[in-house]
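Peer 1: mind folding the following:
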Amino acid sequence: MAYLYSNHPGRPWLGRAARALWGSLRAWPALMTVGASLALSLLGIYAIDVAESLTPPDGMHFSPAAARQAAYLAVSVAAMLIMLFPHYRLLGYASWGLLAISVLLLIFLIIPGVPLSIVRPRNGARSWIDLGAMDFQPSEFAKIAYVLVLAWYLRFRKNHRTFVGLIPPAIITFIPIGLIMLQPDLGTATLFVPALFAVLVAAGAKLKHLILVVALATAAAPAAYFVLKPHQRQRIDGLILQFKGDKSADQDINMQSVTSQRLAGAGGRYGLSEEHSRTLLHFNALPERKTDMIYSVVCIRFGWLGGLLVLGLYGAWMLGALLTAAACREPFGRLVCVGFVGFIAAQVYINAGMNLGIVPIIGITLPYVSHGGSSLVAVWMMAGLILSIALRKPTMALRRSFEYDDDE
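Peer 2: I've put the predicted structure just below:
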């Protein structure tokens, strides 16, 4: 390999080709993340078509929603490739500016008087900006900007090893959370907390401090119930009724959850035929079946084994990102990978839990699979950043980070 790296007389291209090949082999964990992204995205197009159309596609003519998702996928892959061109550390320098732009867009969403042609509420939430060809959801890109800022802030610090030192990361976190809650979008806001904890753990925060924070938050949780919107409290009340075996709300507040569980269970071990799946989905009124409840569509078509396979693909996505983080000697890149894993892990758990009746329905999509342009572009950009980090290993030892003498 050393011979190939050298500029062979008359064959300078040989050394460049060898370096490119070695870089690709070195980046195999990130390529696993990209491969899982593609598999999940293609599955999503098919699942959306099954959910939206009673008849199978004629050749390559899918349902309108599935066709739009395919177009979003093309844009998303292009966005991933664009993320490979600048060095990822340049995004670190620009991270505070990117977060500021995200915050301004989140503020714009909640300004009274903005025309409905630009910001139209959906299910009571002002979360999207109408761009004509597609709707833009600023909170999806706020996730990326937030992780970049948090990783850049923590990369060479150690004050987060004290309880008081956790306050600055908490403030950074609750700025986007507060604005997203005002939309209101409880589901998306919830995802920032697991991402924060994942980054803090990777940055060396003491577990005893994080456990104390969790204990305090758990003690305060009952009081937070009374500040939720009425429909949000109803979701929690409905889940409690399901846990008790009370079916009195099955045709009311629990209708979506019960229908989702029934359809997911209908798939059995191996799933139903395509025709049977489409028929059941067509004649069962499952709200948001191409977005929030898409996991039930996967389960009815491919069974619980198929559902486990989908979760396995997310596991491969996260494993590739974590291996990339472990191999990265540069602290900023390492924390960026971990932060993205925190978001994806929380989102997958909550969405699958919503579909299976484990957690309340709070409006969370399934990454790569659910219908939506902003979400798809954002998660592909995450994959692109992970691949960029894998391809650009530091050429010299950087300042030590996250290595402490006291490991308690």
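Peer 1: for the rest of this, base every contact and every neighbour count on C-alpha atoms.
Peer 2: Fine.
Peer 1: how about the strands in the stretch 1-150 of the chain?
Peer 2: 129-130, 135-136 (DSSP state E, counting those that start in this stretch).
Peer 1: helices and strands around the first one, which ones?
Peer 2: Judged by 3 or more Cα pairs under 8 Å, 6 or more residues apart in numbering; DSSP states H and E, strand 129-130 is in contact with strand 135-136.
Peer 1: next one: the strand it packs on to chain centre, how far?
Peer 2: Strand 135-136 sits 17 Å away from the centroid of its parent chain (Cα atoms, centre = their mean, to the nearest Å).
Peer 1: run through who's touching it.
Peer 2: Identification of contacts with strand 135-136 by Cα atoms under 8 Å, 6 or more residues apart in numbering yields W128, I129, D130, G373, S374.
Peer 1: check stretch 178-195 too.
Peer 2: Counting contacts by Cα under 8 Å, 6+ apart, the residues touching stretch 178-195 from outside are 103, 106-107, 109-110, 124-127, 139, 143, 147, 173, 176-177, 338-343, 346-347, 362-364.
Peer 1: measure that stretch end to end?
Peer 2: Across stretch 178-195, the terminal residues are separated by 16 Å (Cα to Cα, to the nearest Å).
Peer 1: next, the buried residues of that stretch.
Peer 2: The neighbour-count check on stretch 178-195 (16 or more other Cα atoms under 10 Å) flags 179-195 as buried.
Peer 1: pull the longest helix from this structure.
Peer 2: Looking across the chain with DSSP state H, the single longest helix is helix 294-327.
Peer 1: which positions in it come out as buried?
Peer 2: Neighbour-count burial for helix 294-327 flags 294-304, 306-307, 310-311, 313-325, 327 (criterion: 16+ other Cα under 10 Å).
Peer 1: burial measure for P64, as a count.
Peer 2: Counted by other Cα atoms under 10 Å, the residues lying close to P64 total 13.
Peer 1: from A70, how far out is it?
Peer 2: Using Cα to Cα, one obtains 10 Å as the distance from P64 to A70.
Peer 1: select from the buried residues of stretch 178-195 every entry located in helices.
Peer 2: Within the buried residues of stretch 178-195, membership in helices is found for L179, I180, M181, L186, G187, T188, A189, T190, F192, V193, P194, A195, as judged by DSSP H.
Peer 1: can you list those in TSV and add pLDDT?
Peer 2: Formatted as TSV, the entries for those read as follows, by pLDDT from 0 to 100:
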residue	pLDDT
L179	93
I180	93
M181	90
L186	86
G187	88
T188	91
A189	90
T190	91
F192	95
V193	93
P194	93
A195	95
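Peer 1: what is the nearest of the residues you listed to S76?
Peer 2: Nearest to S76 among these is T188, at 20.1 Å by Cα to Cα.
Peer 1: which residues are in contact with L91?
Peer 2: Taking Cα under 8 Å, 6+ apart as the definition of contact, the neighbours of L91 are L148.
Peer 1: any idea how far the residue most central in space within the chain lies from M382?
Peer 2: In the chain, the centroid-proximal residue (Cα atoms, centre = their mean) is I344; its distance is 3.8 Å. The spacing between I344 and M382, counted by Cα to Cα, is 10 Å.
Peer 1: got it, and A170?
Peer 2: 22 Å.
Peer 1: the more surrounded of the two?
Peer 2: Counted by other Cα under 10 Å, A170 and M382 do not tie: M382 has more neighbours, with 26 against 14.
Peer 1: look at that one and report its pLDDT.
Peer 2: We note a pLDDT of 97 for M382 in this prediction.
Peer 1: so it sits against G339, correct?
Peer 2: No - with contacts defined as Cα atoms under 8 Å, M382 does not count as touching G339, sitting 9.9 Å away.
Peer 1: low-confidence ranges, the stretch 151-300 of the chain, go.
Peer 2: Within the stretch 151-300 of the chain, the ranges that satisfy pLDDT under 70 run 221, 225-227, 246, 249-250.
Peer 1: quick one: the helices in it?
Peer 2: Across the stretch 151-300 of the chain, reading from the start of the chain, the helices by DSSP state H, counting those that start in this stretch fall at 167-181, 186-190, 192-202, 207-224, 230-244, 255-266, 274-283, 294-327.
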